[in-house]
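J.: Pasting the sequence and the predicted model now:
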Amino acid sequence: RNTMGVSSSASIADLDSNESLNRLVGDERIEEDAPFWDALLSFFFTAPEKRGDARVLEEATRNLCRRMVHNNPATGNFTALIKLFLTRVSHLTSDESKQQDNVYTWKVYNAIFLIRSLVKFFTENLSEDQVSLQFSAPISVDHTTKVAADRQGEDATSTNQGRSVLVNGEATPPFDRTSESMLLSSHRRDSDVVGAASSQPVNRTALSPLLENFLDCLVTGLCDIPVLPFTYGIKVEIINTLLVFLSRQLWSYVSRDISLVMRHVLSVNSRQAAAVVRILLVSFIHHDVAPPHDLRMAEAGIFSSISSAASSLWSYIVGSKPASVTERKETPLADQSLLLFLVLTNHHTHQEGLMVNPYRLSMRNFADLRGQVNQQESDVSFVLQLDQLYFALCRDLKQDQAILLLYMLLHENTNMAAFIFSRSDIENLVLPILRLLYSAEQRNSHLVYMALIVLLMFSQDDNFNKSIHEIRLQSVPWYSERQLFQVTLGDILVLVLIRTIQHNIATVRDKYLHTNCLAALANMSASFRQLHQYVAQRLVDLFQLLAKRHRKMAEMMRQATEHPDSGQDYAADLPIVDEVMRMVLEIINSCLTHSLHHNPNLVYALLRQRELFDAFRTHPTFQDVVQNIETVVFYFNSKLDQSTSHSVSGVQQIILEASRSWPRDRLKRFPELKFKYVEEEQPEEFFVPYVWSLIYHCSGLYWDPLQVVLFSLHREE
């Protein structure tokens, strides 16, 4: 009947007085073989899966965690719990019968949850060497006193080696690496904890052996414990514990900082790294639904052994029923696996000295199980069914994590990129991305950037640029501005990119955003085929919008010259508009040069608005490209003058017939428009904060927003 000593009428206030928890964190040493441990782990609860719930639990157990920090160096109770977990996981990975033993797995799950909760507090409130100390207990008093004295002398002679760094374009205070514990005590919410721990032994260069063994055990358990109804929760908590250990990055202003824990995790050999990357991707692919906790326990008869009053520790804490399947994350293992994958593969992405990121190398070199390999067999890290990974990406592209995964695979793994570009159902991948961009104003800027970069990478493939105009769509219900039937995937892609540019010009005015949109359109322009009439008109309308803005800015610049105190630098803004206009003209020209006879609707749209280009005929920035467009307009206009039919259908028929005899050598040739995405030299500066912001918002784990400095947060959180 043990539920950590919590009765059915218990509330959150009872946790501080809980007998079992108080003994665990108290000043009495508990022997490793004591019956206490089995009793301690005989509780059943559903761990919180929302940040708000996790915060409530952390606040309720904060005093208990403080006492553990204070007493564990003498009692070693935390390290005893760690050793107990190591033993049980060893049995779990080597004995299949244990994997089917619900009581055994239930207690392993409880152990890892308790450890994760304590480690979470340690990581947020202690320096890294002090966390390592908690894994080295018990510590002798004489040794503690000696090292404390050494530490005082060390701190007295240390110098500030920090430097200002840029965060969101602003200088921030230096990060003092020589006095990390002092920084923590002034920065963390629990300075009393750090003060109490500051006299404890310090080793700044290595983790304790037990902590290293524990991290290795987590990695082993992640790979070797199968996903079964009774082990599912253990796998999720292993991942959560690794995320908590690695979350020290949140407290650093510098994206390229590597903690001792991260350094140890990166020290695995290539085979281990391949096993980790593969299991994380397989979990993402399989998307296994979490088994209901209450049903799982009831099937094993645990309710009858501990009584129905012990149905859920969490229900007692928050005063509610256990979370139902509909209230919980349906697929936490897949969700957390993808988050851990992104962390492991985006830190330390470039080789420095002898240190490489083995997880990123493994992600770069896996191949198709069916033998479609572009590399030497010895270079393949592991094999995977790429079609299943493709379907999983199509399934989840509504979320940032999947878009980021797709980007990484396209950019890093040539086998996966080739597989994606060979698909005849590429619309299943492209349409979700276009739908995200269509509602860009409701999305975060990182997601919009990643979606555009992915489309730019798609547009670098000539076969993709041709195939998108061969894939017909019956309808596009989410495109609300106009009902579209029997359009091609290429039509929708061009439409959404144009719309994104127009929205950016009107509101955000982000040069990076419209540069990527225009680059993708430019790459595709030579392959435009049978553009829909509405699409062709929107392309010309885009130039009209830019021309209107150009005239307005030119007039404002003239007025600013007459009134120099206006404060607006139009002279700097106008060249940017010129650049965008030039690119749009080159996109139109590229289509006319390479596939005019395939795009009568574009010719029709140009004829309708032929006066639009007159003002730029002699403009030095545009005149060479405008000359080509006017050559096309003059040729087809002369054909219309020879006809008596001026109906829309009649004009379109004349254009169609005249395009067959169009002399293709009449236009001036320009260099083919080809743009290629190139990743920044230090990609961690973008991707590390982005990945950790996803973990902060999507993992269900809670971190104090006032303490997060890696990326910006709305303080109302």
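T.: Now that the structure is in, tell me what you want to look at.
J.: Leaving out sequence neighbours, find the closest residue to Ser475.
T.: Using C-beta to C-beta, 6 or more residues apart in numbering and skipping the chain neighbours, the partner closest in space to Ser475 is Phe485 (5.4 Å). For every residue, glycine as well, the C-beta is placed using N, CA and C.
J.: where does the nearest residue to Glu31 once chain neighbours are set aside land on pLDDT?
T.: In space, not counting the residues next to it along the chain, Glu31 is nearest to Ala80; the distance is 7.8 Å by C-beta to C-beta, 6+ apart. Reported pLDDT at Ala80 in the predicted model: 96.
J.: Give the next helix or strand downstream of the host helix or strand of Ala80.
T.: With elements taken from DSSP states H and E, the one containing Ala80 is helix 77-94. Scanning the chain past helix 77-94 towards its C-terminal end, the next helix or strand to appear is helix 96-99 (assignment: DSSP H and E).
J.: can you pull the buried residues of that following helix?
T.: Neighbour-count burial for helix 96-99, with 16 or more other C-beta atoms under 10 Å as criterion, is recorded at Lys98, Gln99.
J.: could you give the mean pLDDT of that helix?
T.: Averaged across helix 96-99, the pLDDT comes to 92.
J.: now stretch 242-251
T.: Regarding stretch 242-251, the rounded mean pLDDT is 96.
J.: Centre of the chain to it, how far?
T.: 15 Å (C-alpha atoms, centre = their mean, to the nearest Å).
J.: Now do the end-to-end distance for that stretch.
T.: In terms of C-alpha to C-alpha, to the nearest Å, the two terminal residues of stretch 242-251 are separated by 16 Å.
J.: Please work out how many residues are found near Arg669.
T.: Arg669 sits with 9 neighbouring residues when counted by other C-beta atoms under 10 Å.
J.: helix or strand right after the host helix or strand of Asp335?
T.: Here Asp335 sits within helix 332-346, counting by DSSP H and E. Where DSSP H and E defines the elements, the next helix or strand beyond helix 332-346 is helix 358-365.
J.: pLDDT (mean, whole number) over the helix or strand harbouring Glu586?
T.: Using DSSP H and E, the secondary-structure element containing Glu586 is helix 570-595. Throughout helix 570-595, pLDDT has a mean value of 88.
J.: Of all the residues in that helix, which ones are buried?
T.: 570, 574, 577-578, 580-595.
J.: One more: stretch 448-468?
T.: Buried positions in stretch 448-468, judged by neighbour count with 16+ other C-beta under 10 Å: 448-461, 464-465, 467-468.
J.: Tell me where the model's unsure across the stretch 1-150 of the chain.
T.: Residues of the stretch 1-150 of the chain that meet the criterion pLDDT under 70 lie in 1-13, 44-46, 139-150.
J.: Tell me if I am right that Ile629 is in a strand.
T.: No: following the definition DSSP: H, G, I helix; E, B strand; the rest coil, Ile629 is helix and is not counted among the residues of a strand.
J.: re the thing from before, my read is that the residue nearest to Glu31 contacts Ile30, right?
T.: Yes: distance between Ala80 and Ile30: 6.3 Å, which falls inside the contact criterion (C-beta atoms under 8 Å).
J.: List phi and psi for the residue nearest to Ile576 when sequence neighbours are not counted.
T.: The spatially closest residue to Ile576, leaving aside those adjacent along the chain, is Lys511, at 6.5 Å (C-beta to C-beta, 6+ apart). Dihedral angles phi and psi of Lys511 (degrees, to the nearest 10) take the values phi -60, psi -40.
J.: what's the neighbour count on Lys511?
T.: When neighbours are counted by other C-beta under 10 Å, Lys511 comes out with 12.
J.: next one: Thr515
T.: Here the neighbour count serves as a burial measure; for Thr515 (other C-beta under 10 Å) it reads 18.
J.: Go ahead and list the helix or strand containing it.
T.: In the assignment (DSSP H and E), Thr515 maps to helix 511-525.
J.: Quick one: neighbours of Met553, just the number.
T.: Here the neighbour count serves as a burial measure; for Met553 (other C-beta under 10 Å) it reads 19.
J.: do you know how far it is from Leu546?
T.: Between Met553 and Leu546 the distance, using C-beta to C-beta, to the nearest Å, works out to 10 Å.
J.: which residues are common contacts for these two?
T.: Here Met553 and Leu546 share the contacting residues Val577, scored by C-beta atoms under 8 Å, 6 or more residues apart in numbering.
J.: Make sure Leu215 is actually in contact with Arg263.
T.: No: counting by C-beta under 8 Å, Arg263 is not a contact partner of Leu215; they are 10.7 Å apart.
J.: The two: which has the busier surroundings?
T.: Shown here are Leu215 and Arg263; by other C-beta under 10 Å, Leu215 has more neighbours (20 against 14).
J.: what mean pLDDT does stretch 215-233 have?
T.: Taken as a whole, stretch 215-233 has an average pLDDT of 95.
J.: first vs last residue of it, how far apart are they?
T.: With C-alpha to C-alpha as the measure, the first residue of stretch 215-233 is 18 Å from its last.
J.: residues in contact with it?
T.: Among residues not part of stretch 215-233, those counted as contacts by C-beta under 8 Å, 6+ apart are 47, 85-86, 89-90, 92-93, 99-102, 105-106, 109, 207, 234-235, 238-239, 241-242, 245, 261, 264-265, 268, 272, 275-276, 279-280, 283, 286, 288, 290-291, 293, 296, 300, 333.
J.: Go again with 6 Å.
T.: Under the contact criterion C-beta atoms under 6 Å, 6 or more residues apart in numbering, stretch 215-233 has outside partners 86, 89, 93, 99, 102, 105, 109, 238, 242, 264, 275, 279, 288, 290-291, 296.
J.: chain center to it: distance?
T.: Relative to the mean C-alpha coordinate of its chain, stretch 215-233 is positioned 23 Å out (C-alpha atoms, centre = their mean).
J.: quick one, helices of the stretch 451-600 of the chain?
T.: Chain-ordered helices for the stretch 451-600 of the chain, with DSSP state H, counting those that start in this stretch as the definition, fall at 462-467, 489-503, 511-525, 533-562, 570-595, 600-608.
J.: and Ile234, what does it touch?
T.: For Ile234, the contacting residues are Val108, Tyr109, by C-beta under 6 Å, 6+ apart.
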